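[1] Okay, here's the prediction I keep looking at, along with the sequence it came from:
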Amino acid sequence: MNVLSICGSLREDSSTAKALSIASESARLAGATVQVVTLGEMVLPFCDGRNDEQTYGEDVRGFIEMVQQADGILMGSPNYHGSLTGVLKNALDLLGPDAIRDKLVGLVATARGDAGAMNTLNHMRHVCRWMNGWVIPAEVSIPRAHEMLGAEVDPTLREQLESLGREIVRYNGLLRP
């Protein structure tokens, strides 16, 4: 199974990236090949509705190719004003409507405050389902992310993230025996 891990944070010291790395490592240990996409290292122009991805540039073509080759996607975003980040939404928009059709998607959202990032997860889930992706039930909302993912990762949170990584591989086995 090929898993693509997409981080919707542009921060160098990203708690979202740290959370995704735990889930990604768990998927790898469960038998998946994992590729990590760092959106901040790519040139992804604003989606303007063109149907020809060739005109968007090499990074967009590469991103589309990585998504096409993936069986499953681990996707994370920090909570920005109650939703996913613009860079992640734009990356998804560049993919086109059927790019994640029938692909498994595991979601992670991080937040600064105590409330967590359930709205962010809701928006990510909605977008992925609109694109016909199979969002698995094991999603993780992380309140106080910098604290929970600090020098010592909260053990309960670590287990949730590890479970997310294992579950994306397990669900793949159920869908594609």
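    On my side now, so go ahead.
[2] Leu175 - how many residues pack around it?
    By the criterion of other CB atoms under 10 Å, Leu175 has 13 neighbours. From N, CA and C alone the C-beta is placed, and that goes for glycine too.
[3] quick one: it from Asp98, how far?
    17 Å (CB to CB, to the nearest Å).
[4] Show the pLDDT at the spatially most central residue of the chain.
    Nearest to the mean C-alpha position of the chain, counting by CA atoms, centre = their mean, stands Met75 at 0.6 Å. pLDDT recorded at Met75 is 98.
[5] next one: Pro78
    Looking at Pro78, its pLDDT is 97.
[6] Hmm, Leu10 and it touching each other?
    No - using CB atoms under 8 Å, Pro78 is not in contact with Leu10; the gap is 9.4 Å.
[7] Show me whatever sits in contact with both of those two.
    Thr85 (CB atoms under 8 Å, 6 or more residues apart in numbering).
[8] Neighbour count for those two, which is higher?
    Between Pro78 and Leu10, counted using other CB under 10 Å, the more crowded position is Pro78 (26 against 17).
[9] Now do that one against Arg158, distance only.
    Pro78 sits 19 Å away from Arg158, going by CB to CB.
[10] Can you list the residue ranges for strands in the chain?
    Using DSSP state E, the strands of the chain run over 2-7, 33-38, 72-78, 104-110, 134-135, 140-142.
[11] got those strands as TSV, with distance to Gly150 columns?
    Shown next, in TSV, are the strands of the chain (distance: least, CB to CB, whole Å):
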stretch	distance to Gly150
strand 2-7	18
strand 33-38	21
strand 72-78	16
strand 104-110	12
strand 134-135	28
strand 140-142	12
